[in-house]
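Visitor: Next come a sequence and a model predicted from it.
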Amino acid sequence: MNRIFAATAFLFSLNFISAQEKPKSEPKEKQIEGVTIVSTKKAVEQKADRTIFDFSEQPHLNSGSLMEGVKKLPGLIVSDVAGMLYQGKMLQVYMDGRPLNISTNELNAFLEGMPANSVERIEIITQPGAEFPATSGGAILNIITSKTARNYLTATYSGNYNFTSYDKFRHRVNNSMSLNSRNKYFGWQLNFGQNYRESMMNGDQDGLVLSNTDRIMRGYFAKSALTFELGVDRLLLNYDFYHNNNDNLTKSDGRFQSVPYHSEDFANTLIDRHEAVATYQKRFDDKNRKLDFKLAYSNAKNDFSQNNILRVPPISTQNLENGSMMNNVNFKVDYSQPVKILDEGKVSFGGLYDRQTFETESRNLTNLDYQRQTAASYLELQAKLKKFDFIVGTRAEDYDISGNTRIDSLGTVKEKDLTPFKKFKFFPNASIQYNFMKQVYFALNYNKKITLPSVSVLNPNNTTFSGPNSQAGGNPLLQPTIYDNFEAKISAFDYAFLGYSVSVAKNQVVQKITREGDVIRTSQANVSEMKIHNFNLGVPIPFMLFSKPFNEIMKFNFNPDKINFMYLYAGYQKHELPDIKTNGFFMFNIMTQLILPKEIKFVANYSYLTPNAGYYYFVADKPFNNSLDLNVSKKFLDNRLTVSLYADDIFNSQKMALHSVAQTPFVYLSQKYDSRRFGISVNYKIPTRNKLAKEDPNLLNKDKKEEGGLMNQGQ
């Protein structure tokens, strides 16, 4: 018990001690030969409205693809049936503060095709404020790729190789380079790279079909930025490009109408995505007063084809030739300035106009024509009163959604208008936070949000796989989902926290799987109301608590990157649906860091979700997460070179197995990926002879909403 009290006191004292340290006085004049900037990044940072995970300095996260790194984040669930959830909230995916606006299938390919070592950090914004679009839904996963620009040319190379050996060797490799520089007049930044992945997936659909899919994924990306200094003002220009070329060869053995068959199908997916952004930042004498104008345009094109190359006996099914095109343009204005509210405060307001078009076709026949226009404005007030922080705001959004389709939710070909959605709604938000001391607080949050059906679930085309036993497609008639999100949270020094949240969703979009004879059908539908309860706890345990006297611990200069510790995360989540009874499930994540001789860092990460639990209209027969990952890393050449050796899912225990519960008979599905992999990762910061080291703000990321939580801005 004494150790528990010591651990608690230790946690509460870490930042308090560092806060009391005052810099030594400097002489008034001195000649500087060179400047060396040393900064320690926090592995995890808890803020009132978000949790920030650093990727740049954590080899166990930044080896492999971005999807593999994201799956290791405690409290996050990634699955084909439940989508992407964090602490019970559906995630809207952003990159550098801008929504990706791509479908689920494209998102998975995008995250799998992007190297994790090209990412600086990931912010999971659990309480998006009024300045974020109301369509952010439950929460936002914001991928920050930008690096800092300096007054001299810098270059960083990142490379990774790994292999799997489930039934044969499959190879994966990625390379990326980041270049940036600036001078008195302008700065520039370029980040580019490639990714090549071979992988396998075995599947079982209710005993009807056993399949084996070999996949080859090729990805390329380039991100560029220019910034021009216009007096105190600033103009930023960004252009991003992503290309994916993926091949699948699926061999399947099944039966259709009591006739056994063998089939081989080849599929190809081509994805191109472009995005251009222009931002003008007006600045004032008061640095806390800001006015930003941003114009963004994005375009995404997806071409998918599937051709049967062998089927014995020749059961008739149609080859697929589908395509989609998405265009999105938006203009937004944000203004903020300090005002006297109670002890101190700030007012923020702004507006947004957004237009999106989405068109799909199958064999040159347009089967979905979708248009959406959104006009929005917001007002938010922040205030402080002694140890209390307050936020209250609202966002007004006007939606005009229309279009037509030639295929309904059952796949019948006929002309039909989409159900129009023309509404004007208010989306309020409020927060209250009590600060016990620096970085120790208790917060209560509420917000109302909306999620529009993604283009993936609206798309009537089947863009994944078609066979004699499989039918799948989107539902163009789906309606938006309205969320009421409540949260209570206590946090101590970024690493220790305790929280509870409940999200109430009306017209939640869910996936259903049914079986009729020998045909398994995947469809999308709205559920009248759904609740998700989530309880979560995170506690760090420094190992020195068990080996050092408490008075020595209090004198220790704490740096999480330099000590041995264990981080424990536990969560409980329950999905409540109106027509079925579901069981909740527990989530466990244990991360252990050991500093070995020669400053070698060893990290073990274990994730586990309990089975026999309800995920929407499915029950997990095996845990969605069940993986032990190991990573050994060391820095060389004055910390410029980082080399990591790693092994993921070393027991090859990761497997998805579930059954549907929406209708009887139940449908049983299972998938097994070649999740066990072994590899090496290298990150090399190319040295420079220039001794100037003045650090300037990010070129790719200067949006005020990405600099920290709503309650810390301006501090």
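Guide: Noted; the coordinates are in hand.
Visitor: Quick one: the helices in the stretch 451-600 of the chain, in order.
Guide: 455-458, 550-555 (DSSP state H, counting those that start in this stretch).
Visitor: Could you check how far Val339 is from Lys634?
Guide: With distances taken as Cβ to Cβ, to the nearest Å, Val339 is found 51 Å from Lys634. Backbone N, C-alpha and C define where each C-beta goes, glycine included.
Visitor: between these two, which one's more packed in?
Guide: Lys634 (15 against 12; other Cβ atoms under 10 Å).
Visitor: Verify the stated contact: that one with Ile600.
Guide: Yes. Using Cβ atoms under 8 Å, Lys634 is in contact with Ile600, at 4.8 Å.
Visitor: ok now stretch 622-641, how far from the chain's centre?
Guide: Here stretch 622-641 is found 19 Å from its chain centre; the criterion is Cα atoms, centre = their mean, to the nearest Å.
Visitor: Please apply the same query to stretch 659-668.
Guide: Relative to its parent chain, stretch 659-668 has a centroid offset of 30 Å by Cα atoms, centre = their mean.
Visitor: Tell me who's in contact with the most centrally placed residue in the chain.
Guide: Computing the C-alpha centroid of the chain and ranking residues by Cα atoms, centre = their mean puts Leu141 first, at 3.8 Å. Residues counted as contacts of Leu141 (Cβ atoms under 8 Å, 6 or more residues apart in numbering) are Val70, Met84, Tyr86, Leu91, Gln92, Val93, Tyr94, Ile122, Glu123, Ile124, Ile125.
Visitor: circling back: by mean pLDDT, show me the worst of the helices of the stretch 451-600 of the chain.
Guide: Here the lowest mean pLDDT among the helices of the stretch 451-600 of the chain goes to helix 550-555, at a mean of 64.
Visitor: could you point out where the stretch 551-700 of the chain is predicted with low confidence?
Guide: For the stretch 551-700 of the chain, the stretches with pLDDT under 70 are 551-561, 688-700.
Visitor: The same query, at a cut-off of 50, please.
Guide: Across the stretch 551-700 of the chain, residues meeting the criterion (pLDDT under 50) sit at 690-700.
Visitor: same check, this time on the stretch 351-500 of the chain
Guide: Where the stretch 351-500 of the chain drops to pLDDT under 50, the residues are 408-410.
Visitor: can you give me the helices for this protein?
Guide: 2-20, 59-62, 66-70, 104-112, 455-458, 550-555 (DSSP state H).
Visitor: If I average pLDDT within each of the ones you listed, which one is lowest?
Guide: Among those, helix 2-20 scores lowest, at a mean of 40.
Visitor: what's the burial count for Pro597?
Guide: With other Cβ under 10 Å as criterion, Pro597 counts 5.
Visitor: Please report how far it lies from Leu645.
Guide: For Pro597, the distance to Leu645 equals 16 Å [Cβ to Cβ].
Visitor: next one: Gln511
Guide: Distance from Gln511 to Leu645, by Cβ to Cβ: 38 Å.
Visitor: Any stretches of the stretch 201-350 of the chain with poor pLDDT?
Guide: Regions of the stretch 201-350 of the chain meeting the criterion pLDDT under 50 are absent.
Visitor: got a list of what Lys282 touches?
Guide: Asp233, Lys290, Leu291, Asp292, Phe293.
Visitor: Okay, and the beta partners of the nearest residue to Thr374 once chain neighbours are set aside?
Guide: Spatially, and ignoring its direct neighbours in sequence, Thr374 is nearest to Asp354 (4.4 Å; Cβ to Cβ, 6 or more residues apart in numbering). Beta bridges link Asp354 to Asn330, Thr374 when assigned by DSSP bridges.
Visitor: Kindly report the same for Gln306.
Guide: Going by DSSP bridges, Gln306 forms beta bridges with Ala267, Leu320.
Visitor: give me the number of residues near it?
Guide: 23.
Visitor: Tyr673 too?
Guide: Neighbour tally, Tyr673, other Cβ under 10 Å: 19.
Visitor: Between Gln511 and Leu645, tell me which one has more neighbours.
Guide: Ranked by neighbour count (other Cβ under 10 Å), Gln511 and Leu645 place Gln511 first, with 21 against 15.
Visitor: Lovely, talk soon.
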